[in-house]
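Asker: Build me a model from this:
(one chain, ligands or ions: 1)
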Amino acid sequence: MSDRYALHALFGGTFDPIHYGHLKPAEALAQLTGLEKVTLLPNNVPPHRPQPEATSEQRVAMVKLAISDNPLFDLDLREMQRDTPSYTIDTLAALRRERGDRQPLAFIIGQDSLLTLHKWHRWQDLLSLCHLLVCQRPGYRSEMETPELQRWLDRHLTTQPQVLQQSPAGNIFLAETPLIDISATEIRARRHRGESDVDLLPPAVSDYIDREGLYRNL
Ligand code: ATP
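Answerer: You can find the predicted model right below:
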């Protein structure tokens, strides 16, 4: 029997809106690591935090349009369907229960998120539930904030994609994904200024933003 399992990754985000800076690195990651599925996991933003400009329904609609013709991706709405803040660690624990102890699970983040990971709820437990796949992002340094965090990173690093398939969790893979200088903030700002966002996100998403009149006013 093979000691490899299909590698499945979750990719959480606010997706206000989803853009090529999410989609292209995830596609490249799939090539680099043999990922079979990337499940997009839109966040529920709790009421006391700054709210996305798009509603939850609009953010989900945009994700659906962005992935409709790409079988690599699917969508998990469990965080959106809760009224309470959902922590990544709890979502991962629920998935781990559903999928069993041996299935490799990964969570995708950009380099900016890696640098602030130590602010996440129970961040040190994340690697007991999943691998972390980190996409490069222009403008963010590659060293961690403190020597202690750097040591934590170095301890868990792997450069071997097959390790991700052979173990259920516990490794960090810094992937050489294409550098894509796009953020949702920039797309919203361009829209506020009445500028085009063409080339930054799929045309179907851009058309939806037009139709819904999103990101027009501050
Ligand atoms: P905002 O500008 O509103 O903060 P964002 O563009 O950073 O949004 P999010 O939905 O907050 O998008 O990001 C979700 C995840 O995608 C995070 O882990 C983030 O690091 C990653 N990500 C977003 N944009 C990029 C990009 N251009 N390259 C690599 N990773 C990215």
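Asker: can I assume Pro71 sits in a strand?
Answerer: No. According to DSSP: H, G, I helix; E, B strand; the rest coil, Pro71 belongs to no strand; its state is coil.
Asker: Enumerate the residues of the protein near the ligand.
Answerer: For the chain, the contact set with the ligand under Cβ under 6 Å from any ligand atom comprises 13-16, 21-22, 25, 109-110, 112-113, 135, 137, 180, 182-185. C-betas here are computed from N, CA, C, even on glycine.
Asker: Can you list which of those residues are found in helices?
Answerer: Applying DSSP state H to the residues of the chain next to the ligand, the entries found in helices are 21-22, 25, 112-113, 184-185.
Asker: Please tabulate those in CSV, including the columns neighbour count and pLDDT.
Answerer: Below are these laid out as CSV (neighbours: other Cβ atoms under 10 Å; pLDDT from 0 to 100):
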residue, neighbour count, pLDDT
Gly21, 24, 98
His22, 25, 98
Pro25, 25, 98
Asp112, 15, 97
Ser113, 19, 97
Ala184, 23, 97
Thr185, 9, 96
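Asker: Please, where are all the strands along the chain?
Answerer: Ranges of strands in the chain, per DSSP state E, are 7-13, 35-42, 73-75, 105-110, 131-135, 172-175.
Asker: Closest one of the ones in helices among the residues of the chain next to the ligand to the ligand?
Answerer: Gly21 (2.4 Å; Cβ to the nearest ligand atom).
Asker: Low-confidence regions, the protein specifically.
Answerer: Low-confidence segments of the chain (pLDDT under 70): 1-4, 218.
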